[in-house]
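>>> no FASTA, just this:
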């Protein structure tokens with residue numbers, strides 16, 4: 001197993017630890033005695049996990065450690081971290097939470113992408129996945145909104161980065177849907 005894959009596995013194992021700290025902080029807030037050490041631990045784990053994404057990618061490219069396992073584990077780690085953060089920060093009792101439309105939007109976009117990939121792969125035999133800049137911006141905006149909420153930055157309110165993340169999540173979903181349907185239509189036309 002490569003070093004890059006080991007880092008990715010550590011990132012995956014950090015997800016439940018992060019979720020636990022988020023939940024425990026929410027419970028302490030609900031009791032009226034917020035334990036900021038739990039919040040800081042959640043922020044630290046999130047930052048370590050997010051930074052490790054860049055580190056494992058750099059190691060894989062720099063030391064030629066790209067692998068099929070890494071190409072499977074890396075997106076699982078990325079989506080697992082983002083989705084777990086967005087969902088737990090929507091449902092726990094933090095002083096400020098994500099509105100429910102935000103996790104619904106993110107989950108719906110990802111579910112449509114997975115379903116479309118499955119259908120295209122079944123019909124065409126292969127899927128051409130080309131990352132689009134809107135998807136990258138959506139990911140950065142989602143991470144920013146998560147950090148904004150966890151750090152409890154008061155100005156502008158957390159709804160501002162959340163709304164921006166929502167807009168780019170929606171736009172990127174439409175771009176990927178259009179490209180997926182185009183591939184599907186091309187595959188059906190070739191039959």
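Happy to help now that I have it. The model shown is predicted, which means the values in this text are computed figures rather than measured ones.
>>> so which residue is smack in the middle of the chain?
Central residue of the chain (C-alpha atoms, centre = their mean): residue 82, 2.8 Å from the mean position.
>>> what's next to the strand or helix carrying that one, contact-wise?
Using DSSP states H and E, residue 82 maps to helix 68-91. If you take C-beta atoms under 8 Å, 6 or more residues apart in numbering as the criterion, helix 68-91 is touched by 1-2, 4-5, 8-9, 11-12, 14-15, 18-19, 22-23, 26, 46, 49-50, 53, 56-57, 60, 97-100, 102-103, 106-107, 110, 139, 142-143, 146, 149-150. The C-beta positions use only the backbone N, C-alpha and C, and glycine is treated the same way.
>>> what subset of those is buried?
By neighbour count, with 16 or more other C-beta atoms under 10 Å, the contacts of helix 68-91 hold 2, 4-5, 8, 11-12, 14-15, 18-19, 22-23, 26, 46, 49-50, 53, 56-57, 60, 97-98, 102-103, 106, 110, 139, 142-143, 146, 149-150 as buried.
>>> ok, now how distant is residue 103 from residue 23?
15 Å (C-beta to C-beta, to the nearest Å).
>>> quick one, longest helix in the chain?
When the chain is scanned for its longest helix (criterion: DSSP state H), the result is helix 159-189.
>>> quick one: mean pLDDT over that one.
Helix 159-189 shows an average pLDDT of 89 in the prediction.
>>> what angle separates it from helix 68-91?
With axes from the mean of the first three to the mean of the last three C-alpha atoms, to 10 degrees defining the directions, helix 159-189 sits at 140 degrees from helix 68-91.
>>> buried set for the helix holding residue 82?
Judged by neighbour count (16+ other C-beta under 10 Å), helix 68-91 contains these buried residues: 70, 73-74, 77-78, 80-90.
>>> how about these, which pair is most distant?
Taking C-beta to C-beta, the two most distant members of the buried residues of helix 68-91 are 70 and 90; they sit 29.9 Å apart.
>>> dump the residue contacts of residue 98.
By C-beta under 8 Å, 6+ apart, residue 98 lies in contact with 86, 89-90, 145, 149, 158, 162.
>>> could you say which helix or strand holds it?
Here residue 98 is assigned to no helix or strand, by DSSP H and E.
>>> do I have it right that residue 41 meets residue 21?
Yes - applying C-beta atoms under 8 Å as the test, residue 41 and residue 21 come out as touching, 4.7 Å apart.
>>> who has more neighbours out of these two?
A count of neighbours by other C-beta atoms under 10 Å puts residue 21 above the other of residue 41 and residue 21, at 23 against 18.
>>> past whatever helix or strand the more buried one lives in, which element shows up next along the chain?
Using DSSP H and E, residue 21 sits in helix 3-30. Beyond helix 3-30 on the C-terminal side, the first helix or strand identified by DSSP H and E is helix 36-62.
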